[in-house]
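Student: Fold the stuff below for me.
(one chain, ligands or ions: 2)
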Amino acid sequence: MRFSLSQVVWQGLKGNVGWRPQWPAAEPKRAYEVVIVGAGGHGLATAYYLAKEHGITDVAVVERGWLGGGNTGRNTTIIRSNYLYDESARLYDHAVKLWEGLSQELNYNVMFSQRGVMMLAHNVHDTQSFQRHIYANKLNGVDNVWLTPEEAKDYCPPLNIDPSARYPVLGAALQRRGGTARHDAVAWGYARGAAQRGVDIIQNCPVISIARGADGRIKGVETGRGFIGAKKVAVVVAGATTTVMETAGVTLPLQSHPLQALVSEPVKPVFPCVVMSNAVHAYISQSDKGELVIGSGTDQYVSYVSRGGLHIIEHTIAAINELFPIFSRMRMLRSWGGTVDVTPDRSPIIGLTPVPGLYVNCGWGTGGFKATPGSGHVFAHTIARGEPHDINAPYTIDRFKAGRLIDEAAAAAVAH
Ligand code: FAD
Ligand code: PYC
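Tutor: Residues are numbered from 1 along each chain as shown. Ligands and ions are numbered 1, 2, ... in the order given. Below you'll find the predicted structure:
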C-alpha cells in the first residue's frame, strides 16, 4: 500500500517558518531508523532532541489523530517540580530548567509563566506532608516554602481563609518557580523544531500493531495506512499504552482512567497564581485569555474513553466555590476529558523494554505535561544510546519486580 498525498500531513514542514502545513514534494518513505508512535508533547520533544542533540533525523512521528490532540492539548498545564523523592525531584526539575529556556530554544513562545504553584493544606496530614516535601525539596535544590494562611491570601487574594470554612486553610506550600505554559504551543514548537531538522510527522495514521522479526527484534509498525519499517520503535501514547504494547507481547502495570477539566467564561485578570488542593480535589489558575482553568481528580473506574462523569466535575466546582466564593456566580464555558495511564507507584516508565529495539515512555498519570521537555530529552538519549540517561535510569519496568518503587502517590497533587 502506498501513501497518498492526502494521507500524509505536515511531512514537509522543514524550513517552514510560517508554520503552515505543506504537502510533501515526494512520496514519504517506507522505512526509518526510528519510528515514534504518538505525536503528543513527549513524542514530539523526543523527536526534536533526537535530531538536535544526537543527530538522528531519519525519524517519523506517527500519530493516529492530529499532533497535540491527546492529553497534551487537554491538560491544565500546571508545571512544578516539588516532588518528594530524589529521583522525581531530579526528573521534574530537569524539566523545569528546560522550560525556563524553552521559548528561546524553540524560537516559539510557549508562554511559560512562573507565577507560582501554591498547594493548600487543610488538615494536619496535609500540613505535615507538605512540610516534609519542603524539607526534601530543599535538600534537592528545589525551591518550596511554607506560607501561613495570611501569607497565602496575600499571594492569592481571592482565597477564602475564614477558619470556619468547611475546608479551612491551615497553610500552604509555595513553589515560586512553578507555573503554567501554553500547551498547544509546546506541541507545535517541538513539532516545528523537529520538522525543520528533517523529522517526518505523519498524522491520521493509527499504529495497529508493532511488528517483530523471527529473531524477536523490532521490524516496524503496521499502521492504518500500511507498514512502516523501523530499526527502533518508541511508544509514547499516554492512555493507550497497554493496547499498543500488547501487540509487541509486552504487558505493563498500567491502568487507564479518565481525567477532566473545564474552563469558565473569560474575565479580566483576577487570579495571579496556580492553586491546588489535594484534599478537596481541585486546582485552578487563570489563562492569558482570561478563562479560569479548573481541573478535577480522576474518575475511579478504568476506561480508555476521553470523557468522565458529571458528578466528578460537580464536586470540583463545589470545592472551588468553597475556596474562592468570589467565583460562585461565574459561568462555565466548556469541559472535556483525557485518558491518563497510571502505574502502581504513580511514577512514569521511561526506557528500554524486554524487546530489542522497542522503547516505552508512559505512566505519567495526571502529571506528565510539566515533564514534557525533560521526558523528551532523556528519552531521546535512551533511544540514541540504547541505554538510559542518569535521570531516567531508575524509571525502568523492572522496578516493579525488584520493588525499587518511586512511590509518588501524591505526584498529581490531587488524590487518585
Ligand atoms: P499525549 O499528549 O496524550 O500524546 C499521545 C499521543 O499518542 C496522542 O496524540 C494520541 O492520539 C497518540 N496515540 C495513541 N494511540 C495511538 C496509536 N495506536 N497510534 C498512533 N498514535 C496514537 N499534567 C501536568 O503536568 N499538569 C497538569 O496540570 C495536567 N493536567 C491534566 C489535566 C487533564 C484533564 C488531563 C487529561 C491530563 C493532565 N495532565 C497534566 C497530564 C498530561 O496532560 C499528560 O501526562 C501529558 O500530556 C502526556 O503527554 P504525552 O505526549 O505522553 O501524551
Ligand atoms: O501534576 O500538577 C499536576 C497536576 C495538576 C493537575 C493535574 N495534574
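Student: For the closest residue in space to Thr316 that isn't next to it in sequence, identify the helix or strand it belongs to.
Tutor: Once flanking residues are discounted, Thr316 sits nearest to Ser296: 4.2 Å by CB to CB, 6 or more residues apart in numbering. In this view, the C-beta of every residue, glycine as well, is placed from N, C-alpha and C. Ser296 belongs to strand 292-298 when assigned by DSSP states H and E.
Student: Off-centre distance for that strand?
Tutor: 15 Å (CA atoms, centre = their mean, to the nearest Å).
Student: who touches it?
Tutor: With contact meaning CB atoms under 8 Å, 6 or more residues apart in numbering, strand 292-298 is reached by 75-78, 180, 257-264, 267, 271, 281-287, 308, 312-313, 315-317, 320, 327, 330, 340, 342, 366, 412, 414-416.
Student: State the number of residues packed around the residue nearest to Thr316.
Tutor: By the measure other CB atoms under 10 Å, the count of residues near Ser296 is 27.
Student: Give me the pLDDT for whichever residue of the stretch 1-150 of the chain sits closest to ligand 1.
Tutor: Residue nearest to ligand 1 within the stretch 1-150 of the chain: Gly40 (2.0 Å; CB to the nearest ligand atom). With respect to pLDDT, Gly40 scores 98.
Student: got a list of what it touches?
Tutor: 67-68, 70-72, 187, 236-238.
Student: now with 10 Å?
Tutor: 46, 61, 63, 65, 67-74, 183, 186-187, 190, 236-239, 361, 364, 368-369, 372 (CB atoms under 10 Å, 6 or more residues apart in numbering).
Student: Tell me the buried residues within those.
Tutor: Neighbour counting with 16 or more other CB atoms under 10 Å marks 46, 61, 63, 67-74, 183, 186-187, 190, 236-239, 361, 364, 368-369, 372 as buried within these.
Student: Run a quick neighbour tally on the nearest residue to Ala409 once chain neighbours are set aside.
Tutor: Leaving aside its chain neighbours, Ala409 sits nearest to Arg346 (5.1 Å; criterion: CB to CB, 6+ apart). Arg346 has 21 neighbours, counted by other CB under 10 Å.
Student: Let me know the pLDDT of Arg346.
Tutor: Reported pLDDT for Arg346: 94.
Student: what helix or strand does it sit in?
Tutor: Per DSSP H and E, there is no helix or strand for Arg346.
Student: I figured it hits Gly368, correct?
Tutor: No. With contact defined as CB atoms under 10 Å, Arg346 does not count as touching Gly368 (11.3 Å).
Student: hmm, back to that, now, the contacts of Gly40 that are in strands?
Tutor: 61, 361 (DSSP state E).
Student: Return only those of the contacts of Gly40 found close to ligand 1.
Tutor: Contacts with ligand 1 within the contacts of Gly40, as defined by CB under 6 Å from any ligand atom: 63, 65, 69-72, 74, 236-239, 364, 368-369.
Student: Same list, those residues, but as JSON lines with distance to Ala165 and pLDDT please.
Tutor: Shown next, in JSON lines, are the ones next to ligand 1 among the contacts of Gly40 (distance: CB to CB, whole Å; pLDDT from 0 to 100):
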{"residue": "Glu63", "distance to Ala165": "45", "pLDDT": "97"}
{"residue": "Gly65", "distance to Ala165": "42", "pLDDT": "96"}
{"residue": "Gly69", "distance to Ala165": "39", "pLDDT": "96"}
{"residue": "Gly70", "distance to Ala165": "37", "pLDDT": "97"}
{"residue": "Asn71", "distance to Ala165": "32", "pLDDT": "97"}
{"residue": "Thr72", "distance to Ala165": "35", "pLDDT": "98"}
{"residue": "Arg74", "distance to Ala165": "31", "pLDDT": "96"}
{"residue": "Val236", "distance to Ala165": "42", "pLDDT": "98"}
{"residue": "Val237", "distance to Ala165": "42", "pLDDT": "98"}
{"residue": "Ala238", "distance to Ala165": "36", "pLDDT": "97"}
{"residue": "Gly239", "distance to Ala165": "35", "pLDDT": "94"}
{"residue": "Trp364", "distance to Ala165": "33", "pLDDT": "97"}
{"residue": "Gly368", "distance to Ala165": "32", "pLDDT": "97"}
{"residue": "Phe369", "distance to Ala165": "30", "pLDDT": "98"}
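Student: Thanks a lot, see you next time.
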